[in-house]
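>>> When you get a sec, could you give me coordinates for this:
(2 chains)
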Amino acid sequence: MFLYVLRRLFHLVPVLLFVSLIVFLIVHLIPGDPVDAMLGEQRYDREQYEIVRRKMGLDKPLYAQYAGWLGRVLQGDFGESIRNQRPVLDAVIERYPATIYLAMAALLIGISIAIPAGTVAAVRQNTLWDYSAMSFALFGIAVPNFWLALLLILGLGLYLGWFPTLGYTDPTTNFALFLHHLALPALVLGTDMASAVTRYVRAEMLEQLRLDYVRTARAKGLPRRLVIYKHTLRNSLIAATTVIGLHVGRLLGGSTVVEMIFAWPGVARLVLDAVYSRDYPLLQGAVLFLACTYVCVNLIVDLLYKWLDPRIAVQ
Amino acid sequence: MADAPASVPFETGGALLAQAGAARARLLDALAVLLRNRLAMVGLILVVTISSIALLGPHLVVSDPLQMNLSERLSKPSSRHWLGTDAYGRDILARVVFGARIAMQVALGAVFLAVAVGVPLGAVSGYAGGALDSLIMRMIDAFLAFPGRLLAIALVAAMGPSFLTFYVAIGINSVPGYARVVRGGVLAQKAKEYVEAAHMTGESGTRILFSQILPNCMAPILVLVTLDFAHAILVESSLSFLGLGFPPPAPSWGLMLSEARGYMEVAPHVAIVPGAVISLTILGFNLIGDGLRDIFDPREYER
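Residues are numbered from 1 along each chain as shown, chains lettered A, B, ... in the order given. Presented below is the predicted three-dimensional model:
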């Protein structure tokens, strides 16, 4: 296992290099002069132009730019925002807690819907239970997050007035209000995750229920309920960790749509703000940070899976 | 892989086990099974409807999707405006119809690009093997590691909204899926007798790969294509919702929803109609994809 972890960490290096290269090149895709694009409509003179140009290192050849940029990133310098001259990393770290809270809440909601729903659907295959769970899953897959968010705002927020339709409160200042604000965005992301995971848990359960060990357990007289909940469900959940992990990775990257609709001050919102204000260094830094987080979370999930199920062959 | 489905739930399953040359017959069989699958039929009807609307709609709808009429702002559905009007008094039906064209065109372009890049990559990787295979697969893995939605946003932000940008930003994300599935398929087919036989008749490797092996890897590609259509439409509408798509007054579905946000309370239909259309389109493609996946090996192609 130790060797396996080492090997996976070693494999991470080219992946992260590749990710950094893509992020680096994004700025060079801007048609025309990126400095012009960034300074935008504000009036600027030659001197300002040169300052920005030099600051971004655009006066050097491409490979030197990349090497210099990568070197700084490795030292924890993700660049500076063009708009307010703040270090990008500070801005990202400041925004990250809000995204993590939202991700955890969505994960909690997603799992607590998906596991019971998927299990019941499999155990009572082709009954009303199954059909309801599968309809829910299809609904969740077909309905985009932004529409679900609008519908929930309309129904639970505006008509019934149960939840605030946007905003954020820090959990340390007022926890109850924090939860109140958290409810709708977490419900949207939780439903989205639940729909995919429900289908997976169901499929996995159905697969497990057909296996020999279930028949053996039943044959030696174990009650069906015990076999299902103690053996089959456990094995299915191990398989479901990968899918759940994938969603955790995605959730930790922040959902731009949800954070925008609910004015949630997370990292995805930061990325979007960077896009809107053409703050390319901020965009670059934030995207790099999020992409690296995503890669690392996925690795952790893989390792976790391997630890839970040692049968997975070491590639 | 595609030749021996672990559990073919239908009686025609035996026919699916066909070897080379029977690829077309197999697809026809699959179609027959699909037609008997009620949910997939619903999906097919939805997709055919939306596609026809995208194709013919602009010729059938009389109203101009961009024509503003401030005296008819936010009017409810009526005989004059079947789906009502938006905040600028524009006919929602006309906008939805023209929006279908944008959505389908973006999806078509993105999926085409993903297939055009991903399939040859995977095919060559699987057929050539060795160092080339490892190189391509390493690249694909690195690509998979990148969060797709973020990449799309960054690309659109850098390149600006255009059809080409959308094709690239959305399609690039699906390339790894095709490459991996096709590589797996080619690896499985490569060991088959018919390939050996083709080699002995003196056919070139490229020819064998593209005219003999690839047609036998079509099944999973087809599943991916349908699911990717749904995905592309979702991403396009998300991007336009975020204001990163075509600028107003383009009748893009996502943009329509985004514009409706301020008026939801007084005129919910403005937000409900475009959202419902997006959902039904995504549902349609997903139902077909699910149906196809049930026919072919259901476990092999999970993403």
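
>>> what helix or strand does the nearest residue to residue A:271 once chain neighbours are set aside sit in?
Among residues not flanking residue A:271 along the chain, residue A:286 sits closest, at 5.0 Å (C-beta to C-beta, 6 or more residues apart in numbering or on different chains). Heads up, the C-betas are built off the backbone N, CA and C, glycines and all. Under the criterion of DSSP states H and E, residue A:286 resides in helix A:280-308.

>>> buried residues in that helix?
By neighbour count with 16 or more other C-beta atoms under 10 Å in any protein chain shown, helix A:280-308 contains the buried residues A:280-295, A:297-299, A:301-302, A:305-306.

>>> and it, what does it pack onto?
helix A:2-26, helix A:34-39, helix A:88-123, helix A:233-252, helix A:267-276, helix B:148-159 (3 or more C-beta pairs under 8 Å, 6 or more residues apart in numbering or on different chains; DSSP states H and E).

>>> Lowest average pLDDT across those?
Mean pLDDT is lowest for helix A:34-39 among the helices and strands packed on helix A:280-308, at a mean of 70.

>>> Need the three-state assignment for residue A:164.
coil (DSSP: H, G, I helix; E, B strand; the rest coil).

>>> wait, it sits on residue A:179?
No - with contact defined as C-beta atoms under 8 Å, residue A:164 does not count as touching residue A:179 (11.0 Å).

>>> Near chain A, which residues of the stretch 1-150 of chain B are found?
B:138-139, B:141-143, B:145-147, B:149-150 (C-beta under 8 Å from any C-beta of the partner chain).

>>> any idea which helix or strand carries the nearest residue to residue A:110 once chain neighbours are set aside?
Nearest non-adjacent residue to residue A:110, counting by C-beta to C-beta, 6+ apart: residue A:193, 3.3 Å away. Assigned by DSSP H and E, residue A:193 belongs to helix A:175-209.

>>> Quick check: next helix or strand after that helix?
helix A:212-219.

>>> Show me which residues of that next one are buried.
Here helix A:212-219 shows A:214, A:217 as buried, counting by 16+ other C-beta under 10 Å.

>>> mean confidence for it?
On average, helix A:212-219 scores 85.

>>> thinking again about what came up before, also compute the angle for the helix holding residue A:193 relative to helix A:88-123, please.
In terms of direction (axes from the mean of the first three to the mean of the last three C-alpha atoms, to 10 degrees), helix A:175-209 departs from helix A:88-123 by 50 degrees.

>>> in helix A:175-209, what's buried?
Buried-residue list, helix A:175-209, by 16+ other C-beta under 10 Å: A:178, A:181-209.

>>> again with stretch A:94-110
In stretch A:94-110, counting by 16+ other C-beta under 10 Å, buried: A:95-96, A:98-99, A:101-103, A:105-107, A:109-110.

>>> near chain A, which residues of the stretch 151-300 of chain B?
Counting by C-beta under 8 Å from any C-beta, the stretch 151-300 of chain B sits next to chain A at B:151, B:153-155, B:157-160, B:234, B:237-238, B:241-244, B:254, B:257-258, B:260-261, B:264-265, B:268, B:271-272, B:275, B:278-280, B:282-283, B:286-287, B:298-299.

>>> gap between residue B:110 and residue B:216?
In this view, residue B:110 and residue B:216 are 26 Å apart by C-beta to C-beta, to the nearest Å.

>>> Neighbour count for these two, which is higher?
residue B:110 (28 against 24; other C-beta atoms under 10 Å in any protein chain shown).

>>> just the angle between whichever strand or helix holds the more buried one and helix B:148-159, please?
Element membership of residue B:110 [criterion: DSSP H and E] is helix B:92-128. Interaxial angle, helix B:92-128 versus helix B:148-159 (the same axes, to 10 degrees): 110 degrees.

>>> Report the mean confidence score over helix B:92-128.
In this model, helix B:92-128 has an average pLDDT of 91.

>>> and it, what other elements does it pack with?
In terms of contacts (3+ C-beta pairs under 8 Å, 6+ apart), helix B:92-128 is packed against helix B:38-60, helix B:130-144, helix B:163-171, helix B:175-190, helix B:218-241, helix B:253-260, helix B:269-295.
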